[in-house]
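Enquirer: coords below, sequence missing:
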């Protein structure tokens, strides 16, 4: 029986056509499209990948209203089809715990984006409930379309660790359950998934389920060039997507 977690959005909904805008990347020989945040969320939910509750607010008033549905603590993130990495424009604020902090961080992010990405089209701001607790780990699941082998699925430690430690494992899609288990066991930080220093072990079954769902998603949608869920939050109960991006042809 599926458990009910009020801060996690796991329901299946009808998935409309991609809503996306075209983005140019000068270092690539292709023109890619970044799926907007709401469409990307619907895509993950369609494939039964839990997503932390979030609302895309058009303005500050909308963000304040969204808090009534989501609650604190929350993350605030700029939503733009032209910004692939939100942190590069200081477009993310975490652990917001009251309305004063929300107002302050909204203004700071808006000013930072205007200064660092003046031509970016801002669709709004993502207001997202945060997953917290001593048992929470930040992981990453990703996929990239290889021109020869097709979609390749990646798993590893998330957050800043993926860039600093590069502790990841890879498999070709589609994955079998044993492939997913091996991916968890192969990373050097596998010990961090287990219980240590009073922290409970993560629910590896929930992580494996996410890996298999991402594998099926990219295998069934060959126009997806890249997909990143970073971080994927996991604790002893569940695993759920925090930030995510999807690039399509």
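Expert: Right, received. Where do you want to start? Just so we're clear, the structure is a prediction, and the values are computed from it rather than from any experiment. Numbering: from 1, shown residues only.
Enquirer: what's the domain layout of the chain?
Expert: For the chain, automatic domain parsing gives the domain ranges 53-130, 137-248.
Enquirer: Between those, which one is closest to residue 43.
Expert: Closest to residue 43 of the domains of the chain is domain 137-248 (C-beta to C-beta; 6.5 Å). Heads up, the C-betas are built off the backbone N, CA and C, glycines and all.
Enquirer: quick one, what contacts residue 138?
Expert: 157-159, 161, 231-233, 242 (C-beta atoms under 8 Å, 6 or more residues apart in numbering).
Enquirer: Which of those residues has the largest number of neighbours?
Expert: For those, the largest neighbour count, defined by other C-beta atoms under 10 Å, is 27 neighbours, found at residue 232.
Enquirer: returning to that earlier point: go through the contacts of residue 138 and flag which are in strands.
Expert: Here DSSP state E is the test, and those give 157, 231-233 as lying in strands.
Enquirer: can you pull out the strands in the protein?
Expert: Assigned strands in the chain, in chain order: 8-9, 20-23, 32-35, 51-52, 54-57, 74-79, 92-96, 124-129, 137-146, 150-157, 168-172, 224-234, 239-241, 244-248 (criterion: DSSP E).
Enquirer: Select the helix or strand of the protein having the lowest average pLDDT value.
Expert: When the helices and strands of the chain are compared on mean pLDDT, DSSP states H and E, strand 20-23 comes out lowest with a mean of 32.
Enquirer: low-confidence ranges in the protein?
Expert: Applying pLDDT under 70 to the chain picks out residues 1-32, 160-165.
Enquirer: and if we set it to 80?
Expert: In the predicted model of the chain, residues 1-32, 159-166 satisfy pLDDT under 80.
Enquirer: Switch the domains of the chain over to JSON lines; also include distance to residue 35.
Expert: Converted to JSON lines, the domains of the chain look like this (distance: least, C-beta to C-beta, whole Å):
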{"stretch": "domain 53-130", "distance to residue 35": "8"}
{"stretch": "domain 137-248", "distance to residue 35": "4"}
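Enquirer: Out of these, which is closest to residue 45?
Expert: For residue 45, the closest of these is domain 137-248, at 9.4 Å, according to C-beta to C-beta.
Enquirer: Start and end of the closest one, how far apart?
Expert: 28 Å (C-alpha to C-alpha, to the nearest Å).
Enquirer: Kindly report the same for stretch 108-122.
Expert: Where stretch 108-122 begins and where it ends lie 14 Å apart, using C-alpha to C-alpha.
Enquirer: what does it rub up against?
Expert: Contact partners of stretch 108-122, identified using C-beta under 8 Å, 6+ apart, comprise 21, 76-83, 88-93, 125.
Enquirer: before we move on, back to that, switch the strands of the chain over to TSV; also include distance to residue 109.
Expert: Listed next are the strands of the chain as TSV, based on distance: least, C-beta to C-beta, whole Å:
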stretch	distance to residue 109
strand 8-9	23
strand 20-23	20
strand 32-35	18
strand 51-52	18
strand 54-57	12
strand 74-79	6
strand 92-96	6
strand 124-129	7
strand 137-146	21
strand 150-157	26
strand 168-172	29
strand 224-234	19
strand 239-241	21
strand 244-248	17
